[in-house]
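Chemist: whatever this is, show me its structure:
(chains A and B)
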There are 2 protein chains.
Amino acid sequence: MTEKVTRLAERLAVLLGPDAVITDPVRLRTYECDGLTNHRARPALVVLPDDGAQIAQIVRACVAAGVPYVARGSGTGLSGGALPRTDGVLIVTSRLRRILEIDIANQRAVVEPGVINLDVTRAVRPHGYYFAPDPSSQQICSVGGNVAENSGGAHCLKYGFTAHHVLSCEVVTPDGEVVELSADGPGYDLLGVFVGAEGTLGIATKVTVRLTRVPQTVQTLLAAFGSIEGGGTAVSAIIAAGVVPAAIEMMDALSIEAAEASVACGYPPGAGAVLIVELDGPQAEVEHQFAQVKALCEEAGAFEIRVAADDAARALIWKGRKSAFAAVGRISPAYLVQDGVIPRTSLPRVLARIDELSAESGVRVANVFHAGDGNLHPLVLFDDAEPGAAERAEGVSGAILDLCIEHGGSITGEHGVGVDKARYMPRMFTAADLDTMQMVRCGFDPAGLCNPGKIFPTPRLCGEVPGVRKGVHPLVEQGKADLF
Amino acid sequence: MTEKVTRLAERLAVLLGPDAVITDPVRLRTYECDGLTNHRARPALVVLPDDGAQIAQIVRACVAAGVPYVARGSGTGLSGGALPRTDGVLIVTSRLRRILEIDIANQRAVVEPGVINLDVTRAVRPHGYYFAPDPSSQQICSVGGNVAENSGGAHCLKYGFTAHHVLSCEVVTPDGEVVELSADGPGYDLLGVFVGAEGTLGIATKVTVRLTRVPQTVQTLLAAFGSIEGGGTAVSAIIAAGVVPAAIEMMDALSIEAAEASVACGYPPGAGAVLIVELDGPQAEVEHQFAQVKALCEEAGAFEIRVAADDAARALIWKGRKSAFAAVGRISPAYLVQDGVIPRTSLPRVLARIDELSAESGVRVANVFHAGDGNLHPLVLFDDAEPGAAERAEGVSGAILDLCIEHGGSITGEHGVGVDKARYMPRMFTAADLDTMQMVRCGFDPAGLCNPGKIFPTPRLCGEVPGVRKGVHPLVEQGKADLF
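Modeler: Numbering: from 1, shown residues only, chains lettered A, B, ... in the order given. Model prediction:
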């Protein structure tokens, strides 16, 4: 620990109490990484504040000391957005777990950032409501992390991302001010840019979330196809018919094989792909549209369709899908989880090309995806004991992203950029696009201490950014650059 | 015209051709105001570019000359967001009217900013789609203006605002760079902050909009109540039942009187309030929920319920509502249109207090509102020939806004801040909140030339803004302020 950090640790222990500051290297090891386990960095210092006021104190102390800091919720992120800095402070929000207010009449709740996603639903379920964003990690991930990463989930096709379910946030800005950001109010929608900024524009200390009415009914079917193409055709037909299912998930043969080996979900044997379609809403609507979906799956060549008769049957259908990532660990010593997006209409072409990439390289790829919104999660399998295998897997994984971009898609659908994909950003954005983002970052965080090194491919001091635009800033041209 | 502007006019005539530059004072008068007619300013210069590339040229020329500029679509805005600067250039987008692409399979279209809102729907209606945002001015307002003001409309209760229907924008930034802003991509959601920034963060030159499937069926009813309270109770009951109507509109006795006098819409005589409820969606769902809505209106004390049997009957029901603003001109020589928001649950209390304000001041107030989302449009009536009447009306209008804020609401629901409400911003936001917005503005527009004087109560040079935070910027403290 440098002397600067030692002094900061002492100062924080005075402010927060000694049990809120961790400096013991063994205990620090817990915080070395988030869900992206191949990037690790032990923080110089971990702090466990009790409330938003303490977070503001911590941030101001870090800024005064010139020490970088990173906020972390439950650490389930998959892009390394909460990767600590070895020379910095990790601010862990796990003690901010209070649900501060439940306002059913206005369909909203106010929660602290450390509240677990599913606990919001548990608290409001008796009133007939739930919190819609449902990342697979919803039993352990925190609302603050959902806000930072703008988390999605299987049901975001119909219900949208976290951004669509956050009404306002109390935020500690990167220089320690406490501000209220709201989507509905007049002025700039700074909430829009804050949600999904991966913790680079400040730390949410209170989150007002929208509550969604529990639907009257839910119906789920599993359709088995001979090939991925058949499943893709069904997806296009369903969307084209104007039906918006709560979820449409697809798994290919390799991921089905993995799921069977792991949880014996009993999917139809011989399926080249299965499609899980879930509809929810008023009974009359769901029944009407469910019949349509069944017919469209049959027309697209489904050789077997199973309809869940009750909650137990529904859970069994979902079990295979939800276990897919972990299950792949049964059939491969190691794997990379990729996260790309393509227009729905490009599904068949892109999947065929992924098959080719796999065949050319000898690297197996299992495809699990949110088919309704074109969000692919290819699992790239490799044996980490085999020399060069990790590099080959990385190569295929990167080639899949290029493929997504080529088809007008994106390098991430819901996992974020973090440290993992910063290097891919220039493949999607021009220098001017990235500069415009940097300008906003520097507006919020001129000192560059708030979660630095994430999102942007070439971290720069804020002072360097306006320089890029120097020629067109009249005040700069007039020699008044110091006004900035 | 100052010499600076004269030289700029000459330069622009060379770049765009002489017919694209207006300097004739008589012709300039057309552009003195937008829909907020009590603020007027004749621009020094009007330019009519043909495409986005010309807009980028104009902006760069303005920045080089140090001349402010304002973009304007159809000029239907109600907060003066497109009010020109007498010392600046008005960039009119009316020649950018091309629909560049219609992509039905991916449910999107790419349009230029001058395209009329309703023309998007006209172009895609044959495919079974429409563009959902429907401000009352949709026959004449432009998509670029909708983007700038984040326009709503009667149906935004169910379908959301313009922000929910814009997928990406090509934007000329305030220093003349062309960037692509997207909501879906990785990195910051700059589209979120751009849409609704009232033209202060740049000019949209291409807009990719989401297309919405035309619903299978639409049903509309008119319910008449003895009092506003009865209508308010029905609104709460409908929302609490989990029904999301396409629209719920309410009119009070005075606005009904005005509408009758103007268009003879034949609303039930003796009504203290009427509620218009429209449901749309799949037939099975709509029929089911429509019966619920009827029953809830009856329970809330509706003394007459009319169901539109066909499109003609539906049009008649809407005729009264749509003519309400203009109709008020029949019963009052002048009026102010106010735009405030309150939580739905506060409707009865706020409306009762507006009644008291009206009685205390002797100023009549007609209430027309988007009841479903708590967006009030009180029309404050006065006689502009009577000395002091306009000031009294202004007083009541401002008091209504204070009332909205007091109840946890907002000073604008859909008309924007513009020049009209900048002075009210400090009633809603702390200095730190406003500074955070200013930082973003300065990130985009350090020279402060892009639609200056809008939104912010005390326009400041960007150089002054970081000064506010000086004490906490380490680089400033270290005497490295020039890095900013």
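Chemist: endpoints of stretch A:189-198, how far apart?
Modeler: Stretch A:189-198 has its terminal residues 17 Å apart, counting by C-alpha to C-alpha, to the nearest Å.
Chemist: and the contacts of that stretch?
Modeler: A:79, A:81, A:147-150, A:161-163, A:166, A:168-169, A:171, A:181-183, A:201-202, A:204, A:416-418, A:440, A:451, A:454-455, B:150, B:163, B:188-193, B:195-197, B:436-437, B:440 (C-beta atoms under 8 Å, 6 or more residues apart in numbering or on different chains). Every residue, glycine included, has its C-beta placed from N, CA and C.
Chemist: can we see that at 7 Å?
Modeler: A:81, A:147-150, A:162-163, A:166, A:168-169, A:171, A:181-183, A:201-202, A:416-418, A:440, A:454-455, B:188-190, B:192-193, B:196, B:436-437, B:440 (C-beta atoms under 7 Å, 6 or more residues apart in numbering or on different chains).
Chemist: same deal with stretch A:95-112?
Modeler: So stretch A:95-112 is contacted by A:48-51, A:113-115, A:120, A:123-124, A:127, A:129, A:143, A:167, A:206-211, B:343-345 (C-beta under 7 Å, 6+ apart).
Chemist: show me chain A divided up by domain.
Modeler: Segmentation of chain A into domains, based on automatic domain parsing, reads A:3-92, A:99-213, A:215-331, A:429-477.
Chemist: what's the burial count for A:Glu101?
Modeler: 11 (other C-beta atoms under 10 Å in any protein chain shown).
Chemist: go on, A:Ile91?
Modeler: Neighbour count for A:Ile91, taken as other C-beta under 10 Å: 27.
Chemist: tell me the secondary structure of the spatially closest residue to it that is not a sequence neighbour, please.
Modeler: In space, A:Ile91 comes closest to A:Ala71 once its chain neighbours are excluded; the distance is 4.7 Å by C-beta to C-beta, 6 or more residues apart in numbering or on different chains. Recorded secondary structure, A:Ala71: strand (DSSP: H, G, I helix; E, B strand; the rest coil).
Chemist: tell me which of the domains of chain A sits most buried.
Modeler: Looking across the domains of chain A with neighbours counted as mean count of other C-beta atoms under 10 Å in any protein chain shown, the highest average goes to domain A:99-213: a mean of 22.
Chemist: A:Ala366 should be in a helix, yeah?
Modeler: No: assigned with three-state DSSP, A:Ala366 falls outside any helix and is strand.
Chemist: who's in contact with it?
Modeler: Counting by C-beta under 7 Å, 6+ apart, A:Ala366 touches A:Asp252, A:Leu254, A:Ser255, A:Ala258, A:Val328, A:Leu379, A:Leu381.
Chemist: which of these come close to chain B?
Modeler: Among these, no residue sits close to chain B (C-beta under 7 Å from any C-beta of the partner chain).
Chemist: quick one: which of these has the lowest pLDDT value?
Modeler: On pLDDT alone, A:Val328 ranks lowest of the contacts of A:Ala366, at 88.
Chemist: confidence-wise, which helix or strand of chain A is lowest on average?
Modeler: Least confident element among the helices and strands of chain A, by mean pLDDT, DSSP states H and E: helix A:474-477 (a mean of 33).
Chemist: and the residue nearest the centre of chain A?
Modeler: Centroid check for chain A by C-alpha atoms, centre = their mean gives A:His415 as the closest residue, at 3.4 Å.
Chemist: what's the following helix or strand after the helix or strand containing A:Leu221?
Modeler: Taking DSSP states H and E as the definition, A:Leu221 sits inside strand A:217-225. Later in the chain than strand A:217-225, the nearest helix or strand by DSSP H and E is helix A:228-240.
Chemist: which other helices and strands contact that following helix?
Modeler: strand A:247-252, strand A:273-281, helix A:283-299, helix A:347-361 (3 or more C-beta pairs under 7 Å, 6 or more residues apart in numbering or on different chains; DSSP states H and E).
Chemist: now the last one: buried residues?
Modeler: Burial within helix A:347-361, assessed by neighbour count using 16 or more other C-beta atoms under 10 Å in any protein chain shown, is assigned to A:Leu347, A:Pro348, A:Val350, A:Leu351, A:Arg353, A:Ile354, A:Leu357, A:Ser358.
Chemist: for chain B, see how far away the last one is.
Modeler: Okay, so that is A:Ser358. Using C-beta to the nearest C-beta, to the nearest Å, one gets 25 Å for the distance from A:Ser358 to chain B.
Chemist: how about that residue, nearest residue that isn't a chain neighbour?
Modeler: Leaving out its chain neighbours, the residue that sits closest to A:Ser358 by C-beta to C-beta, 6+ apart is A:Val365, at 4.6 Å.
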